[in-house]
Structures are given as structure tokens and as C-alpha cells.
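Asks: whatever this is, show me its structure:
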Amino acid sequence: MLAFGAHPDDIEFGCGGVIAQETRAGRAAHFVVCSRGEAATHGQPEQRVTEAQRAAALLGATIEFVELDGDSHLEVRAAHAITLAGVLRRVRPGIVLAPSLVENQHPDHSRLGRLVCDAARLARFGGVRELTDSPPHRIAQLLFYALTREAEPANISPVLIDISRPEIVAAWVAAMEAHASQTSARNYVEVQLTRARLHGLGTGVEYATALFPADPLVFTSLSGLGRGARGF
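Replies: Below is the predicted model:
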């Protein structure tokens with residue numbers, strides 16, 4: 001699994017519980033963070049990098065930082081999509097997570113989601129000149145995560161991931177709290193837990209994270225579908 005974040009805390013706040021659940025099941029996770037949070041009101045870039053490294057470790061993930069245009073200056077460019085496609089070819093993930101494309105949020109979030117979507121396509125094209133040093137790679141699925149309720153796409157039915165196990169919630173909370181420069185300014189942990197609780201209540205579990213598929217999901221059997229959120 002490969003997760004992209006525009007800022008040092010995005011992945012943890014948006015889908016940290018899912019990451020914790022996957023790594024504790026033995027599946028590898030790698031984070032790619034595309035700024036050092038240098039435009040934030042709270043926290044210096046060095047501090048935020050350290051916080052992100054600690055948070056990734058708490059979730060059992062590895063992490064790297066990729067410099068594009070910098071915090072609050074990200075633009076959708078072919079060169080950036082190719083850079084991210086290079087990461088996809090190097091890491092070769094099956095599942096990719098990225099911020100949603102909804103525009104009513106920090107502009108870096110939706111722009112990074114767009115770039116990752118483009119990068120996933122470019123990574124599989126054999127003739128992209130800048131990428132010929134590594135073989136093409138086709139990911140299995142791109143899923144978008146949201147950092148706020150407003151950033152949840154209204155036009156995509158979510159996949160709800162049950163993250164209710166106490167050890168998973170504890171790991172997620174610890175990872176979010178590692179971003180002390182941000183959580184000391186606002187109770188972001190409670191904001192995310194409440195959003196997960198609302199998704200959980202809607203589907204009959206304690207906590208759930210909503211992920212939004214970029215493409216229709218394909219199954220080989222009805223037996224892998226799980227259950228409907230409302231249970232009919």
C-alpha cells in the first residue's frame with residue numbers, strides 16, 4: 001500500500017486507522033508526503049517532518065518526502081505527475097491512497113489527488129521517456145480519502161472500512177497525537193474520531209473510515225462483497 005499526503009499530517013488524519021489495520025495484518029505501507037508543511041500557521045518544517053516520521057513509525061509505515069511546489073503552492077503539472085509515477089514504479093504498490101478531488105478544501109489536497117490519479121495512469125505507459133529506467137507498473141486500485149466531512153465526494157459511494165478494534169483505534173490516535181504542533185492548536189483528533197464514529201454508527205460498528213474508489217471495484221465472486229451498510 002502506498003499513501004500520498006500533501007502535508008505531513010494528512011495521511012494520519014485522513015486514513016490512519018486503515019493504515020494501522022493493514023500493517024498489523026502484515027501488509028506493508030509506505031507514505032509519500034509532498035511538502036514539509038512550511039506554510040502552516042503552527043509548527044516549523046523541521047518539527048513537522050519529525051512528527052510525521054514518528055507518526056508513520058507508530059502506524060508501522062515507512063515514509064519519504066518529495067519536493068514539488070511546496071506547501072500551499074502545489075500546481076497540477078505533467079512534470080509532477082511523472083515524478084509521482086516514478087515513485088509508483090519504484091514502490092510498485094497494489095493499493096494507492098490519495099486525498100479526494102473535492103475542491104472545497106485546502107487546494108493542495110484536491111490537486112495532489114488529481115496528480116496521483118494522473119500518475120497512476122502514466123506509471124503503466126511503457127513509452128514515457130522520463131520513466132524508462134524502471135518497468136511500467138499497473139496499480140490494482142486508487143482510493144481517495146477525505147480529511148474533512150466536506151471533502152467526502154458526494155458522487156461516489158464509499159467503501160467503509162471497519163477500524164473498531166481497540167488496538168487499531170489506539171494506534172490511530174497515537175499517530176494523530178504525534179502531530180503535536182497541529183493538535184495543540186485544534187482538537188483534530190476528536191474531529192476525526194467523531195467523523196469515524198458517525199460512519200461507524202451508520203453501518204453498525206464502532207468506528208469506520210470512508211474511502212472512495214476512483215474506479216468501480218471488480219470482484220471475482222459475490223462472496224467477497226461484505227455486507228451493505230444498512231443491513232437491509
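
Asks: in this structure Gln47 contacts His179, no?
Replies: No - look at Gln47 against His179 with CB atoms under 8 Å: they stay out of range, at 9.6 Å. All C-beta atoms are positioned from the backbone trio N, CA, C, and that covers glycine.

Asks: those two: who's more crowded?
Replies: Applying other CB atoms under 10 Å to Gln47 and His179 shows that His179 carries more neighbours, namely 26 against 17.

Asks: count of neighbours near Gln182?
Replies: 24.

Asks: nope, Ala98 is what I was after
Replies: So Ala98, with other CB under 10 Å, has 30 neighbours.

Asks: how near is it to Ala214?
Replies: Here the criterion is CB to CB, to the nearest Å. By it, Ala98 lies 8 Å from Ala214.

Asks: Glu103 too?
Replies: Distance from Glu103 to Ala214, by CB to CB: 16 Å.

Asks: so for these two, which sits in the more crowded spot?
Replies: Under the criterion of other CB under 10 Å, the comparison of Glu103 against Ala214 puts Ala214 first, with 19 against 10.

Asks: now do the SS call for the closest residue to the more buried one other than its chain neighbours.
Replies: The shortest distance from Ala214 to any non-neighbouring residue, by CB to CB, 6 or more residues apart in numbering, is to Leu142 (4.0 Å). Per DSSP: H, G, I helix; E, B strand; the rest coil, the secondary structure class of Leu142 is strand.

Asks: and Leu142, what does it touch?
Replies: 96-98, 116-117, 120, 213-215 (CB atoms under 8 Å, 6 or more residues apart in numbering).
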